[in-house]
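Asker: give the three-dimensional model of this entry:
(one chain, ligands or ions: 1)
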Amino acid sequence: MIGFIGAGSIGGAVITGLIKNGYDAKEIVVKGGKSNRTKALQEHLGFKLVQKIKQLEDVNPIFIGVGANALDSVLLELKSISKDKLIIAFTGNATVAKLRQSLPDAKVAHAIPNTPVKVGAGFTGITYSEKFTEQEKKQVISIMGYTGQLVEVPETQLGILGTVAGCSPAFLDLFIEALSDAGVKHGLNRKLAYDAAIGMALGSSKLALQSDLNPSALKDEVTSPGGSTIKGVAALEEYGFRNAVIKAVDAAEGE
Ligand SMILES: NC(=O)c1ccc[n+]([C@@H]2O[C@H](COP(=O)([O-])OP(=O)(O)OC[C@H]3O[C@@H](n4cnc5c(N)ncnc54)[C@H](OP(=O)(O)O)[C@@H]3O)[C@@H](O)[C@H]2O)c1
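Answerer: Residues are numbered from 1 along each chain as shown. Now for the predicted structure:
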């Protein structure tokens, strides 16, 4: 059995991704918050819902999806049942040092998933404490694999990886919306414009993933000399597209 404490936006997305992609809901135990949110998710997905953290005593690993304001009280409650357990926290400020200090008998990790975990296409960065064995890392991969990719990085890179993979779904949504607006401006109906923009983002990502060429070379392939695409690329550059994206990441990083 695996456990979750907190099933809000990101905890709920991971649970949904697991179950929708074949993880047995009967093997998942969730301790939710005070609102009806987790209950509503449970009615939809069928996992086991418990009221107290103590009820996760026989569960391992445990994933923590609560916000920063609830983390300390959750860790305090978790401490007495955490011995030798694998505890993976998604909470933004749940550094490995903080988790290690609060749960000295557990094996802790800090992970930052993104919302595409919900459809099994997530990209999650993770930093394990040194106590994790290779076998235990494989155990975490075998679970998170249902939700997409899991990549181990040093904790110094976890934040920026979380921004590049985790804030950017909103950036891409904005791009898709803008592209669709442009389609509507030039006569497409809204649904067709969205279908085209979303289908393009999906297809281009798949091509970039499967191709030996990097995105820059893929762009070169579709920009014929004097053609309409290079004129569009030049217009994007004129309006600072590349710099806008870099500045968006700077802003998300708090610079
Ligand atoms: N959203 C993302 O894309 C994302 C990605 C990576 C990491 N994170 C990090 O993950 C953390 C949570 O973010 P979120 O967006 O998922 O927040 P959220 O939607 O507010 O979810 C937090 C959930 O924790 C529940 N909760 C609070 N106290 C609890 C307790 N004592 N026991 C059990 N459950 C409890 C809340 O319950 P109620 O239902 O009662 O409110 C809520 O459902 C943040 O630190 C965030 O930085 C978020």
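Asker: residue 125 belongs to a helix?
Answerer: No. Counting by DSSP: H, G, I helix; E, B strand; the rest coil, residue 125 is not found in a helix; it is strand.
Asker: what segments of the stretch 101-250 of the chain are strands?
Answerer: With DSSP state E, counting those that start in this stretch, the ranges of strands along the stretch 101-250 of the chain come out as 107-112, 122-128, 148-152.
Asker: can you tell me which of those strands is most buried?
Answerer: Mean neighbours per residue, mean count of other CB atoms under 10 Å, is largest over the strands of the stretch 101-250 of the chain for strand 107-112, with a mean of 25. The way it works is simple: take the backbone N, C-alpha and C, and place the C-beta from them, glycine included.
Asker: can you lay out the strands of the stretch 101-250 of the chain as a markdown table showing mean pLDDT?
Answerer: Converted to a markdown table, those look like this (pLDDT from 0 to 100):
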| stretch | mean pLDDT |
| --- | --- |
| strand 107-112 | 98 |
| strand 122-128 | 98 |
| strand 148-152 | 98 |
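Asker: these: which one's closest to residue 241?
Answerer: Smallest distance to residue 241 across these (CB to CB): 22.4 Å, for strand 122-128.
Asker: contacts for the closest one, please.
Answerer: For strand 122-128, contacts defined as CB atoms under 8 Å, 6 or more residues apart in numbering pick out 13-14, 17, 88, 96, 107, 109-117, 137, 140, 144, 147-155, 157-158, 161-162, 165.
Asker: okay, the angle between that strand and strand 148-152?
Answerer: 30 degrees (axes from the mean of the first three to the mean of the last three CA atoms, to 10 degrees).
Asker: residues in contact with residue 105?
Answerer: By CB under 8 Å, 6+ apart, the neighbours of residue 105 are 79, 82, 83, 84.
Asker: so the third one: helix, strand or coil?
Answerer: Spelled out, it's residue 83. From three-state DSSP, the assignment for residue 83 is coil.
Asker: surely it and residue 104 touch.
Answerer: No. Here residue 83 does not reach residue 104: they are 9.5 Å apart, not a contact under CB atoms under 8 Å.
Asker: of the contacts of strand 122-128, list those near the ligand.
Answerer: Near the ligand, judged by CB under 6 Å from any ligand atom, the entries from those are 112, 113, 115.
Asker: now residue 224. Nearest residue, chain neighbours left out?
Answerer: Closest residue to residue 224 in three dimensions, ignoring its sequence neighbours and counting by CB to CB, 6 or more residues apart in numbering: residue 230, at 7.3 Å.
Asker: relative to the ligand, how far out is that neighbour?
Answerer: Distance of residue 230 to the ligand, given as CB to the nearest ligand atom, to the nearest Å: 35 Å.
Asker: then residue 118?
Answerer: Applying CB to the nearest ligand atom to residue 118 and the ligand gives a distance of 10 Å.
Asker: where's the nearest residue to that residue once chain neighbours are set aside, which helix or strand?
Answerer: What sits nearest to residue 118 in space, not counting adjacent residues and going by CB to CB, 6+ apart, is residue 13, at 4.2 Å. Assigned by DSSP states H and E, residue 13 belongs to helix 9-20.
Asker: many thanks, have a good one.
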